[in-house]
Structures are given as structure tokens and as C-alpha cells.
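give me a model of this one.
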Amino acid sequence: MRTILHKSENRGRTQLGWLDSYHSFSFGNFYHPDLTGFGLLRVLNDDKVSPGAGFATHPHRNMEIISIPLSGALKHRDSTGKEAVIKEGDVQIMSAGSGLHHSEKNAASDRPVEFLQIWILPEAPDLTPGYDQQSFTVEKRMNKLQTVVDPEGKEGVQINQKAWLYLGKYNRDAQLNYKLRNAENGVYIFVLEGGVSINSEDLKRRDGLGAVGVSELDISISKDSELLLIEVPMDQ
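Numbering: from 1, shown residues only. Prediction:
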């Protein structure tokens, strides 16, 4: 097994007044040769947007873009005519495919919105653009992993890639064993809150660890924790 540890304090950061964004991988003006992605996972941004502000209309192509609000709500609009509000508990995927334009803005005028923005390369280029969104309850991820994204859309929001995303909320001293869907994939763990131990590595809030060449992974929960786990192909 080969592991890659990404410490929270080594993330890039973009501050624009209305936006405070931390980048686990190279993004925008932040570039690090050792942080260019994890397999087909290319972006993991931890964004905070001021009340009433947001990302103006801009284009994307050939990318699966996942948004997970952690607090507050986002207002989405895109060139397919889709308009939606994405709130805490929701998971959204926008499949940019052959190309579309969209905007994402804070839906509230009195509080910031905090959300994760995740980009994964699709399994084929120039697919038909699409949009999907679902709501998930916290109770169904207590001391277990809750599937929020999967390739067929049977358990979570559908993605055009052989990738799975999970959220989990664990009590201290819990043990998690994750068996990969495909042993040729890699698995990336991002600690939203709390602390865990993986392969003798101690991870704290907003640390990330990627593991390759493993069919299963054991995670020890050292304090009450919330986790994002991403299984993704390393190439295609």
C-alpha cells in the first residue's frame, strides 16, 4: 500500500473578500507539483462565500462537478435551464460534458455558505450535460458510511465515472473498515471534523490521505469525527 498525506496547513488558499477558499490540490493561482490531484480526482476545494455573493456565470467542459454544502445554502443556475437551491444535507452533481455555463451563489443575504467543491474527470469526453441533486439524512451515516454519489445512481447522486463518494459521522473509538469496489482504484479520505488514524498516520480536521494499491482500508476514529471518503480510478 502506498499512501499520500495532505496536511490541512499545506493547502492553497484564495481570498477575494467575498470568497475564502482552501485548495487540497492545485487550483487557480495555487500550484504545487505534489498536489496536482489524486487519480481522476482533480479538485477538492473548501469554500466559504459571503452573504449574497458567489461565482458569476462561467463555463465548464468535460468535468463532473460535485457540491456538498456544509452549512447554509447555494443558489444554482445553468445554461440547460436548471435552477435549484442546494442546502446542507444535499449533494449536487453538475455534469459539464460537452459544455455549459453556470453560476453558484449564496442563497442567503444574512449568513455565509460553506461547501465542498469536488471535480472528477468523466469516463468519456463530450457527454450530454446534466444535473442531479439529492437530500441525505445525517441519521443514516451515524457510525457508518452513507453513499452519496455512485456510477449508477442507485444509492446516491449519479456520476459519469466509476467513482463513489461517502459521508460518515463517527463516535470516538469507532472502527471503520472500507472495502474498495475496485482494487485498482484509489481511496481518498478527507477529515471534515475530528481526528482519525490510518496506517499509523494521525489525521486532524481538514487533513486528507490517499491510499493506492489496497483492497481495503482500516480507519480508527480517535475523536468524534465526520469524514468524506472518495473512491476513484487512478487512470482511464
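
so what's L192 closest to, chain neighbours aside?
E226 (4.1 Å; CB to CB, 6 or more residues apart in numbering). Backbone N, C-alpha and C define where each C-beta goes, glycine included.

what about the one you found, how many neighbours?
Look at E226: counted by other CB atoms under 10 Å, it has 17 neighbours.

let's number from 235 now, not from 1
Understood, numbering begins at 235; the last thing we discussed is E460.

which residues sit in contact with it?
Contact analysis of E460 by CB atoms under 8 Å, 6 or more residues apart in numbering lists 401-404, 425-428.

kindly report the same for M376.
Contacts for M376 were tallied using CB under 8 Å, 6+ apart; they are K403.

and it, bridged to which residues?
Taking DSSP bridges as the rule, M376 bridges to K403.

so K378 sits against G402, correct?
Yes. Using CB atoms under 8 Å, K378 is in contact with G402, at 6.4 Å.

and the residue lying closest to D312 once chain neighbours are set aside, what are its bridge partners?
Using CB to CB, 6+ apart and skipping residues adjacent in sequence, the residue nearest D312 is H336, 3.8 Å away. With DSSP bridges applied, H336 shows beta-bridge pairing to H292, D312.

center of the protein, which residue is that?
Closest to where the C-alpha atoms of the chain average out (CA atoms, centre = their mean) is I352, at 4.1 Å.

residues in contact with the strand or helix carrying it?
Assigned by DSSP states H and E, I352 belongs to strand 347-354. For strand 347-354, the external contacting residues (CB under 8 Å, 6+ apart) are 274-283, 297-308, 320, 340-341, 393, 395, 397, 399, 462, 464, 466.

again with stretch 423-439
Identification of contacts with stretch 423-439 by CB under 8 Å, 6+ apart yields 235, 237, 239, 242, 258, 278, 304, 404, 440-445, 451-464.

buried ones among the residues you listed?
With burial judged by 16 or more other CB atoms under 10 Å, the buried subset of the contacts of stretch 423-439 is 237, 242, 258, 278, 404, 440-445, 451, 453, 455-456, 459-464.

which residue packs closest to L274, ignoring adjacent ones?
L355 (4.3 Å).

now that neighbour: how far from M468?
Distance, L355 to M468, using CB to CB, to the nearest Å: 11 Å.

compare those two (neighbour count), which wins?
Per other CB under 10 Å, whichever of L355 and M468 has more neighbours is L355, with 21 against 14.

so what's that one up against?
Shown in contact with L355 (CB under 8 Å, 6+ apart): 274, 276, 296-298, 395, 470.

out of those, name the ones that lie in strands.
By the criterion of DSSP state E, membership of the contacts of L355 in strands covers 276, 298.

which ones are touching N394?
N394 neighbours (CB under 8 Å, 6+ apart): 298, 329, 331, 356-358, 361, 364, 385.

related to what we said a few turns ago, more neighbours: K378 and G402, which one.
Taking other CB under 10 Å, K378 and G402 do not tie; G402 has more neighbours (22 against 12).

quick one, what contacts S301?
Going by CB under 8 Å, 6+ apart, S301 touches 308, 310, 320, 325-326, 328, 338, 349-352.

correction: the previous question concerned S284.
S284 makes contact with 251-253, 340, 346, according to CB under 8 Å, 6+ apart.

quick check: it vs Q249, distance?
S284 sits at a distance of 11 Å from Q249 (criterion: CB to CB).

show me which of the contacts of strand 347-354 are buried.
By 16+ other CB under 10 Å, the contacts of strand 347-354 give 274-283, 297-303, 306-308, 320, 340-341, 393, 395, 397, 399, 462, 464, 466 as buried.
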